[in-house]
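*Asks:* Give me coordinates for this.
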Amino acid sequence: MIESESKEAEAEKLLAQEEVFLPKPPVKLEGKEDKKSVRKTVTMEVSSRRNVYKERKILQAQEERKLLLKTAGDKMNDQKHNRLDSGQIKKLLDQDNDVIIQAKERKQKVSEMKDRKYEELIKAEREEAKKKDEEIIRKKKSENREAADSWINEIREREQLRIIQKLEKKKGAESILKVDVQFKEEQKKDALEQAAANMRNSQNHLEEMARIQSNRERKAEASRTVDEIVNRDRKEIDLRNLRRREQEILSRNTVGKIVEPLKKAQALREDRPPKEMETKLKRLQLEERGEKAATMKSINEDRQRQMQEREQKKEAERQRDFNWFQSGFESDKLALALEELKAKKSREDRIAVDKCNEMIGERKRARLIEQQREASRWGTMPR
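*Replies:* Modelled structure (predicted):
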């Protein structure tokens, strides 16, 4: 009886040890983990716990075998010492076998119950992990849907903005073209007005020059007629003077011939030689000739001086006309150069604006392409 109680105590002890060596339930996972990682962790924990459970079962069986051998040895020793009969030994062995069978059955029931609980726990954990995975997938799908909607809205907004910018650029180009056309028309109009003004000025100047030339010719003709009249009068006066002097000389000669004896007589009376009168007459003639030569020289000098003055006036007027034409040509050339510079500046500004718009568009396209690459790399939609 005592031995059976001791065996039952040992069996209970073995059951307690088995409870001690039972595998612990898996730790509940928290946080947002991936579905594959959760499943992998659960399977690894289950396999490790099963291995530990098998090893512990093997160790328990070894301990039971040792304990049974020990009990059998003790029984044999007791039989040797006590020298029990075969009926008692058989009874004791049957009791031991019953206790061992009961312990094994209890142990099997406990293990089956624990396996069932463990399987239920694993199943519950799997269902919970599945629910968590489904929740994570649902959240991720909703986030992806929201991101896709926001991305589509952003693409639509960008497309609308691009269309608006294109329309604005088109309107700006049309306005610039209108401004250019208007500016060219104004330039053409100004050029036509300037050409008409220059033509009017040149025509007026030519008319003025023709009037001045006609006045000059009229004045020259008048001066020429006056000079001719003066020369003719002078020639007539000189001719009359010459005739008068010749007549005087002839008369003097005749008178001299007549009065020569009288003069000689008078000269003799006055004691004057006749040669003195001749020298005096020659001197008077020379003086008259000198005066005449001086008069003609002064007339020629005056005429030369007037001709030089007229030539100088003509040259000055010609130079003034040339300077006027030159200044008009230079002013027209400068105005055309200024207009060309303005047109060039407007073209350069327009080209710079177009280049700036192209650079901004290129940067936006590059940024959008980079966002799409990042989105395809990380598997998410750009926001």
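*Asks:* and E146, how many neighbours?
*Replies:* Residue crowding around E146 was assessed by other C-beta atoms under 10 Å; the count is 12. C-beta here means a position set from N, CA and C on the backbone, and glycine is covered the same way.
*Asks:* can you tell me the helix or strand for it?
*Replies:* Assigned by DSSP states H and E, E146 falls within helix 86-270.
*Asks:* Compute the number of surrounding residues for D321.
*Replies:* Per other C-beta under 10 Å, the neighbour tally for D321 reads 15.
*Asks:* need the contact list for it.
*Replies:* With contact set as C-beta atoms under 8 Å, 6 or more residues apart in numbering, D321 has these partners: H205, M209.
*Asks:* in what helix or strand does it lie?
*Replies:* Assessed by DSSP H and E, D321 sits inside helix 275-378.
*Asks:* Measure how that helix sits relative to helix 86-270, angle-wise.
*Replies:* Using axes from the mean of the first three to the mean of the last three C-alpha atoms, to 10 degrees, the inter-axis angle of helix 275-378 relative to helix 86-270 is 170 degrees.
*Asks:* I'd like to know how far K333 sits from Q160.
*Replies:* Distance from K333 to Q160, counting by C-beta to C-beta, to the nearest Å: 52 Å.
*Asks:* likewise H205?
*Replies:* 65 Å.
*Asks:* One more: L59?
*Replies:* Distance from L59 to Q160, by C-beta to C-beta: 75 Å.
*Asks:* what's the answer for E301, then?
*Replies:* Computed as C-beta to C-beta, the E301 to Q160 distance reads 98 Å.
*Asks:* Let me see the contact set for K130.
*Replies:* Under the criterion of C-beta under 8 Å, 6+ apart, K130 has no neighbours.
*Asks:* Flag the shaky bits of the stretch 201-350 of the chain, pLDDT-wise.
*Replies:* Applying pLDDT under 70 to the stretch 201-350 of the chain flags the ranges 202, 222-227, 229-230, 243, 246-278, 281.
*Asks:* got a list of what K345 touches?
*Replies:* If you count contacts by C-beta under 8 Å, 6+ apart, K345 has none.
*Asks:* er, T295 I mean
*Replies:* By C-beta under 8 Å, 6+ apart, the contact set of T295 is empty.
*Asks:* one more time with 10 Å
*Replies:* Residues near T295 by C-beta atoms under 10 Å, 6 or more residues apart in numbering: R234, D238.
*Asks:* R363 versus that one, what's the distance?
*Replies:* Computed as C-beta to C-beta, the T295 to R363 distance reads 100 Å.
*Asks:* and what of N231?
*Replies:* The value you get for N231 to R363, if C-beta to C-beta is used, is 96 Å.
*Asks:* How about V99?
*Replies:* 89 Å.
*Asks:* State the distance from E301 to T295.
*Replies:* For E301, the distance to T295 - C-beta to C-beta - is 11 Å.
*Asks:* do R245 as well
*Replies:* Taking C-beta to C-beta as the measure, R245 falls 15 Å from T295.
*Asks:* And E127, how far from K139?
*Replies:* Separation of E127 from K139 (C-beta to C-beta) stands at 18 Å.
*Asks:* quick one, what contacts E339?
*Replies:* F183, Q187, D190, A191.
*Asks:* ok, and the closest non-adjacent residue to the second one?
*Replies:* In space, Q187 comes closest to E339 once its chain neighbours are excluded; the distance is 5.7 Å by C-beta to C-beta, 6 or more residues apart in numbering.
*Asks:* And the third one, by the same measure?
*Replies:* Computed as C-beta to C-beta, 6+ apart, the closest residue to D190 that is not its neighbour in sequence is E339, at 8.0 Å.
*Asks:* pLDDT on the strand or helix carrying L67, on average?
*Replies:* Applying DSSP H and E as the criterion places L67 in helix 35-82. Throughout helix 35-82, pLDDT has a mean value of 63.
*Asks:* Just list the residues touching the closest residue to K314 other than its chain neighbours, thanks.
*Replies:* Excluding the flanking residues, the one nearest K314 by C-beta to C-beta, 6+ apart is R216, at 7.6 Å. Going by C-beta under 10 Å, 6+ apart, R216 touches R310, K313, K314, E317.
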